[in-house]
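J.: got a sequence here, can you model it:
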Amino acid sequence: MRVIVLGGGVVGVTTAYQLQKDGHEVVILERQQQVAAETSWGNAGMIAPGHSFVWSSPRAPMILLKSLVLKDQALRFRLSADPRLYSWSWLFLMECTAEKARRNTLLKHRLAVYSQSVLQEVLADEAIDYDRSDRGILYFYRSQQALDKGVEHMKLLESDGQLIKVLDRDAIVALDPSLASSREKIAGGIHCPTDETGDPAKFTRALAAKVIERGGEIRTGTIIT
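T.: Got it, this is the predicted structure:
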């Protein structure tokens, strides 16, 4: 079957790659002049099942309300005349109960773990250099109160099999010596050793080259209407 994939970001290119493995002919349509030129170029590049918490939590409504006047909130909400924003916002708020946040977080965590396992399969089959680091991801805290909240917060993912390590400041500096000068400002931290990082743009472009090698087609500069 000939399949058209809309978008040449990391999701589009990995989708095309998997479709090829399943025996399909693929064509990727990308509006920019190269793949991975938008979101897949500018994101944090984390493969982080240990950070699978959903945004739609009981705290989210107040954070969004504060964001109307404060610029330092983790979530931002901007007023708009588009009625679709408000219908979407209502659906979002309906997911902000404690029970739904717990359920959705566990579902997201399981999806993240599965996605990471598929990534490992790709890396086992393909020689791709994308500045990968598999040393885990470290979250450190400046106060004992914040650390205690973080540890309590992580218990949900830990109950679902996520490996976490609670570290004191000495262990943090041993893990990342670049933090030595800030040692006294750190109360402790949480290390998720199975998480990893990498350059998503480099990964996407390298995998796109594999797609082309296998007979796939990528049409850049193509606007989808």
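
J.: isn't Asp192 up against His51?
T.: I think there's a mix-up here, since residue 192 is Cys and not Asp. Yes - because the distance of 7.4 Å satisfies C-beta atoms under 8 Å, Cys192 is recorded as touching His51. Placement of C-beta: from N, CA and C, glycine included.

J.: neighbour-wise, which of the two wins?
T.: In this comparison of Cys192 against His51, neighbours counted by other C-beta atoms under 10 Å, the higher total goes to Cys192 at 21 against 18.

J.: tell me what the more buried one is bridged to.
T.: Listed beta-bridge partners, Cys192: Ile137 (assigned using DSSP bridges).

J.: excluding sequence neighbours, find me the nearest residue to the most far-flung residue of the chain relative to its centre.
T.: Largest separation from the mean C-alpha position in the chain: Met1, at 30.8 Å (C-alpha atoms, centre = their mean). Excluding its sequence neighbours, the residue lying closest to Met1 (C-beta to C-beta, 6 or more residues apart in numbering) is His24, at 5.1 Å.

J.: where's the one you found relative to Gly12, distance?
T.: Applying C-beta to C-beta, to the nearest Å, one obtains 14 Å for the distance of His24 from Gly12.

J.: okay, these two: which has more neighbours?
T.: Set His24 next to Gly12 and count neighbours by other C-beta under 10 Å: Gly12 wins out with 22 against 14.

J.: now the strands for this structure?
T.: Along the chain, the stretches classed as strands by DSSP state E are 2-6, 25-29, 46-47, 137-141, 165-167, 188-192, 196-197, 217-219.

J.: the first one - contacts with which helices or strands?
T.: Meaning strand 2-6. Here strand 2-6 touches helix 10-21, strand 25-29, going by 3 or more C-beta pairs under 8 Å, 6 or more residues apart in numbering; DSSP states H and E.

J.: quick one: list the elements packing against the first one.
T.: Read it as helix 10-21. strand 2-6, strand 25-29, helix 200-213.

J.: what residues sit buried inside it?
T.: Along helix 10-21, these residues count as buried under the neighbour rule (16 or more other C-beta atoms under 10 Å): Val10, Gly12, Val13, Thr14, Thr15, Ala16, Tyr17, Leu19, Gln20.
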